[in-house]
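Enquirer: heads up, no residue letters with this:
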């Protein structure tokens, strides 16, 4: 069982909620039993009785925003940014100028445009950058089982260090964590690497997706996450073996999950709660998308549940808030996702990866994103836009957060900037980004200060 490091995480969580004026959770469980049928649960302990205090506080904040929206009361939306650290550090064609970027470039980009940082940052320990096996950039006790000082793997330490920095502040006084100043020397290249500062105080919430290459893949990179490049493309029984304990494929899966858990465990020890979003876009048409997508729904639910069991029960990670995020179900690329839902015992937040429509051309005939917002209502969980190329408020759609008050909205990587070297390009103008970050309905980093 993992020991709790309560003080830093709880103190940061309390500061975040106090700044927003949001109560952490009902003082009595009886209040939960009295809630109306349309409300979402507000106490994470219903799913995980051992959930950390900080995780309970973050979840209660999101649930409070959701319940306000469901009751027609004014609500707000946390504005998030996904940061592709592996592309920022190593892909010269990524972003709004040619050349590699410092890690956290698109975390800082929001401030460059608006003067404000996002209130949520999502990172990823995958997919790797085309190198053999799992590895790390710097040898640390929590990850010493993996090869270290390997080229192209330093972004992994950037991910966990930026996560701590967003949650606890950067720079901060020495507290036993790594890189409290935000700066270190990269082992493989010998170059100095610096993360963006945020004022040195708690600056928002943290999440991780996991673009996991197929279990057993000898090389770790984005192409290995895709169904067409996995054994599933030629062997229809392969996925069933992945979720069958004792098989070689299942052992390969557990190796991948061990890599994930080792790093999430460090964040647990630092008191950092994490919105974990594994196996997203599982509802794409068969043969498209990721290796876990378009599979038999019962087998997918088994994958999710065994992942949950490994992380929570076997590894003792109680700092996690589990996010289930299907692809927008437009009937072509994405299918109706209900059969893939693992169940409320395994999911805390529901979301959508929306690439099916645009502000200028909403899907479904209603308000932009409304078809997805209404479609997720039945799961009785806080609803988020987990991925979008667009900010929620823009010239074409200035009332999105009034019509569909999502509790969190995350922009994907370089889509935040307008004139990029590679796609996606020309999704958000400077005025669009400012309109979103300056809105009274938006929660950004300054609201947590």
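Expert: Happy to help now that I have it. Note that the coordinates shown come from a computational prediction; the quantities given were computed from them, not determined experimentally.

Enquirer: next one: the helix or strand containing residue 264 to chain centre, how far?
Expert: Element membership for residue 264, per DSSP states H and E: helix 248-269. A distance of 17 Å separates the centroid of the chain from that of helix 248-269, by Cα atoms, centre = their mean, to the nearest Å.

Enquirer: what's that helix in contact with?
Expert: Contacts to helix 248-269, defined as Cβ atoms under 8 Å, 6 or more residues apart in numbering, come from residues 2-5, 52, 125, 134, 140, 142-143, 145-146, 156, 159-160, 163-164, 206, 208, 210, 212-213, 215-216, 238, 241-244, 274, 276, 307, 310-311, 315, 317-320. In short, each C-beta sits where N, CA and C put it, glycine included.

Enquirer: could you list the low-confidence segments of this structure?
Expert: Within the chain, the ranges that satisfy pLDDT under 70 run 1-37.

Enquirer: could I get the full set of strands for it?
Expert: 77-82, 120-124, 131-132, 183-185, 192-194, 205-210, 219-220, 274-278, 320-324, 349-354, 383-388, 408-412, 442-443 (DSSP state E).

Enquirer: and the angle for the helix holding residue 264 with strand 320-324?
Expert: 130 degrees (axes from the mean of the first three to the mean of the last three Cα atoms, to 10 degrees).

Enquirer: by how many degrees do helix 248-269 and strand 205-210 diverge?
Expert: Using the same axes, to 10 degrees: helix 248-269 against strand 205-210 is 170 degrees.

Enquirer: and residue 191, how far from residue 160?
Expert: Per Cβ to Cβ, to the nearest Å, residue 191 is found 19 Å from residue 160.

Enquirer: so which of those two has more stuff around it?
Expert: Between residue 191 and residue 160, counted using other Cβ atoms under 10 Å, residue 160 has the larger neighbour count: 28 against 8.

Enquirer: mind listing what that one touches?
Expert: Shown in contact with residue 160 (Cβ under 8 Å, 6+ apart): 178, 263, 266-267.

Enquirer: any idea how far residue 356 is from it?
Expert: 33 Å.

Enquirer: and if you look at residue 427?
Expert: In terms of Cβ to Cβ, residue 427 sits 14 Å off from residue 356.

Enquirer: swap in residue 330?
Expert: Taking Cβ to Cβ, one finds residue 330 at 4 Å from residue 356.

Enquirer: next: residue 214.
Expert: According to Cβ to Cβ, residue 214 stands 25 Å off from residue 356.

Enquirer: out of those two, which sits in the busier spot?
Expert: Neighbour comparison, residue 214 and residue 356: the larger count goes to residue 214, with 24 against 21 (by other Cβ under 10 Å).

Enquirer: list the residues that contact that one.
Expert: 224-225, 229-232, 291.

Enquirer: rerun that using 10 Å as the cut-off
Expert: Residues near residue 214 by Cβ atoms under 10 Å, 6 or more residues apart in numbering: 224-227, 229-233, 238-239, 242, 249, 252-253, 256, 290-292.

Enquirer: select from those residues every entry located in helices.
Expert: 238-239, 242, 249, 252-253, 256 (DSSP state H).

Enquirer: now those as a markdown table including neighbour count and distance to residue 202?
Expert: What follows is these, written out as a markdown table (neighbours: other Cβ atoms under 10 Å; distance: Cβ to Cβ, whole Å):
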| residue | neighbour count | distance to residue 202 |
| --- | --- | --- |
| 238 | 19 | 44 |
| 239 | 25 | 41 |
| 242 | 26 | 39 |
| 249 | 20 | 41 |
| 252 | 16 | 38 |
| 253 | 24 | 35 |
| 256 | 21 | 31 |
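
Enquirer: appreciated, that's everything.
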